[in-house]
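1. With the sequence up front, the predicted model follows.
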Amino acid sequence: MGVTVVHDIIDHILVDQHALRQRVVELGQAISADYQGKDLVLVCVLKGGIVFLTDLMRQLTIPHEIDFMAISSYGGQRTESSGVVRIMMDLHANIAGRDVLLVEDIVDSGRTIDYLLRMLQAREPASLRVCTLLNKPSRRVVDVPLDYIGFDIPDEFVLGYGLDFDEKHRNLGFVGVLRQMDHVQG
Ligand code: IMP
Ligand code: MG
């Protein structure tokens, strides 16, 4: 069994640690201002949103709760979501009448977030908005409203800072582009 090092996986760094930190600070300031006096619940979509959430929440200067949902997509390629979402773990909190901010790692086709927004909207929150670290506008299939965006990125498969390739490399401190490979991306 060979040893995999970061250079085998990453072609180049797309968003480095410094840029991530700077942008998360800015998003934290904007969200803190916008949700002043609100009953904010940050809903993190596991697993990809976890690193972003933990950094973002520490930049908030207003009281808030955090909660988690775990989902998985059926079918599709390894690097593409099918849009058929299965709830692996639901929220703990009742979000009715509360101000929900969905925290996502990346919006690609938009299918996942579209599904989640419909499902959460049915629970009648006072407000429901989306904060995504990364956005791939050129890949959009379903039109979804994004309220806070960290970075618009090109159509490349990325990993690190919570995002995985085959469930690994979420721990990388930067967002990098996956190296070459024979993987298929729709
Ligand atoms: P969508 O449903 O096509 O918008 O895909 C959203 C989900 O696909 C994200 O939450 C990620 O889990 C995954 N995904 C999409 N693009 C990437 C990528 O470039 N790297 C890692 N995961 C990705
Ligand atoms: Mg995700």
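-> Structure received. Ligands and ions are numbered 1, 2, ... in the order given.

2. List the contacts of Leu102.
-> 43, 45, 113, 116-117, 120, 128-131 (Cβ atoms under 8 Å, 6 or more residues apart in numbering). The way it works is simple: take the backbone N, C-alpha and C, and place the C-beta from them, glycine included.

3. Just among these, which is most surrounded?
-> Val43 (25 neighbours; other Cβ atoms under 10 Å).

4. hmm, back to that, switch the contacts of Leu102 over to JSON lines; also include pLDDT, distance to ligand 2 and secondary structure.
-> Shown next, in JSON lines, are the contacts of Leu102 (pLDDT from 0 to 100; distance: Cβ to the ion, whole Å; DSSP: H, G, I helix; E, B strand; the rest coil):
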{"residue": "Val43", "pLDDT": "98", "distance to ligand 2": "12", "secondary structure": "strand"}
{"residue": "Val45", "pLDDT": "94", "distance to ligand 2": "5", "secondary structure": "strand"}
{"residue": "Ile113", "pLDDT": "95", "distance to ligand 2": "9", "secondary structure": "helix"}
{"residue": "Leu116", "pLDDT": "95", "distance to ligand 2": "10", "secondary structure": "helix"}
{"residue": "Leu117", "pLDDT": "96", "distance to ligand 2": "14", "secondary structure": "helix"}
{"residue": "Leu120", "pLDDT": "97", "distance to ligand 2": "15", "secondary structure": "helix"}
{"residue": "Leu128", "pLDDT": "98", "distance to ligand 2": "17", "secondary structure": "strand"}
{"residue": "Arg129", "pLDDT": "98", "distance to ligand 2": "17", "secondary structure": "strand"}
{"residue": "Val130", "pLDDT": "98", "distance to ligand 2": "12", "secondary structure": "strand"}
{"residue": "Cys131", "pLDDT": "98", "distance to ligand 2": "13", "secondary structure": "strand"}
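
5. now those residues as CSV including distance to Leu146?
-> Output for those, formatted as CSV (distance: Cβ to Cβ, whole Å):
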residue, distance to Leu146
Val43, 15
Val45, 14
Ile113, 8
Leu116, 13
Leu117, 11
Leu120, 15
Leu128, 12
Arg129, 9
Val130, 5
Cys131, 8
